[in-house]
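A.B. asks: build me a model:
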Amino acid sequence: MKILTILLGAAGVAATISVGAGVAAAAPDVVGQTYRDAKNTIQESGAAVIIATRTGGLAEQDKCIVTNAWDKPSVTQPRQASGPDTVWVALNCNAAVASAGSPGNSAASPEGRQALISQDAG
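C.D. replies: Numbering: from 1, shown residues only. This next block holds a predicted model:
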């Protein structure tokens with residue numbers, strides 16, 4: 001916030017004016033986390049969570065991966081009623097690794113290889 005001080009006249013009368021809005025809190029960095037963990041982090045910061053978009057549908061919602069998170073859209077982009085402290089998230093609910101009849105990451109991709117390693121270790 002910028003503060004502007006104006007000195008008026010010979011009497012030295014000063015007026016202070018605050019210019020601009022306060023600093024808005026940015027959405028927490030939750031990209032790459034499961035929805036369950038991201039939701040907890042966002043709610044601990046005092047904001048509500050809205051799922052704006054969801055890709056896939058095989059994973060349980062809490063196990064979906066957050067691919068993006070952003071603050072509530074501006075007034076010119078209302079999608080639904082939500083409070084001022086709202087974080088919107090995009091979820092990927094595909095399987096960690098694709099298999100027959102189950103969409104997901106290719107086993108040849110970096111994400112797929114990491115998922116296979118995690119499955120083998122667990």
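
A.B. asks: so what secondary structure elements neighbour the helix or strand residue 67 falls within?
C.D. replies: Element membership for residue 67, per DSSP states H and E: strand 65-71. Here strand 65-71 touches helix 35-44, strand 86-92, going by 3 or more Cβ pairs under 8 Å, 6 or more residues apart in numbering; DSSP states H and E. Placement of C-beta: from N, CA and C, glycine included.

A.B. asks: the longest one - what's its average pLDDT?
C.D. replies: Per-residue pLDDT values across helix 35-44 average out to 96.

A.B. asks: try stretch 89-107
C.D. replies: 86.

A.B. asks: contacts for that stretch?
C.D. replies: Residues from elsewhere that reach stretch 89-107, judged by Cβ atoms under 8 Å, 6 or more residues apart in numbering: 30, 35, 38, 42, 49-59, 61, 63-69, 111-113, 115-116, 118-119.

A.B. asks: and those residues, which of them are in strands?
C.D. replies: Of the contacts of stretch 89-107, the ones assigned to strands by DSSP state E are 49-55, 65-69.
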